[in-house]
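A.B. asks: Structure here, sequence nowhere to be found:
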């Protein structure tokens, strides 16, 4: 067995690559700082040893190949050692292309929102159709219980991340994947730490189109004007999907909360879906994935069965606990559009009478900035009560930092007493224990762990007198 060592192995992407490499026959080791569950447990279950901390002797004896995670920068002792010794190394995206995607049919899901859920649904539909797909997903689909699997058939479904690749390669990861089926889901400004404006992101998506062969397919969201602008100069066949009628693939909502919808192909209804996901955005996710599966030869009845049985993705509006009558959800939303659509879906599902809380940790590099300052009040207005945690200021001046007090002020101007600002998870739990009532729904929005707030809130609610 060739020895593959991964520097920065505990990120979701790199841990997924470790799983693929292990299944593909490599002997895998890795290192990272602050090794802790769930990734440490995931890698341990695969029999992959991890060094907690970066050390030069992790490279003794020299591995056959080293993967460098995109969070690893110059100055890291292992990175400096491999450069000095001239050891062979790759980015994770390069390795994926060379050792998994080459010679297979990459199905790449791209866009600002919904990538993880859409990729998960697509992999599940192809699996239910008996096509034995491989997959690499930036989350944990509950149906698979893991975010990566080596392919048993020709298809590999990959979440196409527009974030940069490695310290030596600042192109998006998705430019390495050379899709044969490409889903263009939506496009907005994000990743303010690496992109100066929306046009810079558009340019990368235009480059992505160049990688699709003429006998491939681009599945484009026909309801998104930004995507329409991108595909205007496509080199490959473009098929559109959306909620608007007239697209080759379209969906009609049969219930306001998105739990029932009908999929049509070329204007002819194929089937009606009854599933557990809520919201128009999830209907779009399911429609995009189903369109790809149907184009790849999955039978309609298998696609329907897959959609109906799909359980969802961890941290995508996942009901974690019900404590003292209060429902606690975990949601990865970290962009105003995602927050607004999540809350709209929850409102449709719970009805007007139920009280809806949004607890927000502005944690991503974009959300900590004032990029979306003016959009946040409107995005959160769908909640009855809003709790905003103060963002970390690391690397930002006060002028650059999101002003959560101003967001709360604007929300309170619309509805007095609807918003407040806290210093962190402990304070948020204290507010909720005092004010949340049986029947309330609390959606916790963060792209991180938020200091274990979900379990802490459950324990505190169950313990109140």
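C.D. replies: Okay, I see it. Since the model is a prediction, treat every value here as computed from it, not as a measurement.
A.B. asks: So which helix or strand of this protein has the lowest pLDDT on average?
C.D. replies: In the chain, the helix or strand scored least confidently by mean pLDDT, DSSP states H and E is helix 39-45, which has a mean of 86.
A.B. asks: residue nearest the centroid of the chain?
C.D. replies: Closest to where the C-alpha atoms of the chain average out (C-alpha atoms, centre = their mean) is residue 116, at 4.0 Å.
A.B. asks: Excluding covalently adjacent residues, which one is nearest to it?
C.D. replies: residue 139 (4.1 Å; C-beta to C-beta, 6 or more residues apart in numbering). For the C-beta atoms, the positions are set from N, CA and C on the backbone; glycine is no exception.
A.B. asks: Can I take it that that neighbour is in a strand?
C.D. replies: No. Going by DSSP: H, G, I helix; E, B strand; the rest coil, the assignment for residue 139 is coil, not a strand.
A.B. asks: wait, what's in contact with it?
C.D. replies: Applying C-beta atoms under 8 Å, 6 or more residues apart in numbering to residue 139 gives the contacts 12, 116, 117, 120, 147, 313, 314, 315, 316, 332.
A.B. asks: Distance of it relative to residue 38?
C.D. replies: As defined by C-beta to C-beta, to the nearest Å, residue 139 lies at a distance of 12 Å from residue 38.
A.B. asks: for the residue nearest to residue 116, phi and psi?
C.D. replies: The phi and psi values for residue 139, taken as degrees, to the nearest 10, are phi -170, psi -180.
A.B. asks: where's the residue lying closest to residue 457 once chain neighbours are set aside, which helix or strand?
C.D. replies: In this structure, residue 457 finds its nearest non-sequential neighbour in residue 429, 5.1 Å apart by C-beta to C-beta, 6+ apart. Secondary structure from DSSP states H and E places residue 429 in helix 425-435.
A.B. asks: For residue 32, list the residues it contacts.
C.D. replies: 7, 8, 9, 10, 11, 50, 51, 52, 54.
A.B. asks: That one and residue 6: what is the separation?
C.D. replies: 9 Å.
A.B. asks: Over to residue 152?
C.D. replies: Distance, residue 152 to residue 6, by C-beta to C-beta: 23 Å.
A.B. asks: just checking, what packs against the host helix or strand of the residue nearest to the centre of the chain?
C.D. replies: Per DSSP H and E, residue 116 falls inside helix 115-128. The helices and strands touching helix 115-128, judged by 3 or more C-beta pairs under 8 Å, 6 or more residues apart in numbering; DSSP states H and E, are strand 105-110, strand 155-159, helix 280-295, helix 300-309.
A.B. asks: that older thread, for the least confident helix or strand of the chain, buried residues please.
C.D. replies: Going by neighbour count (16 or more other C-beta atoms under 10 Å), the buried part of helix 39-45 is 39, 40, 42, 43.
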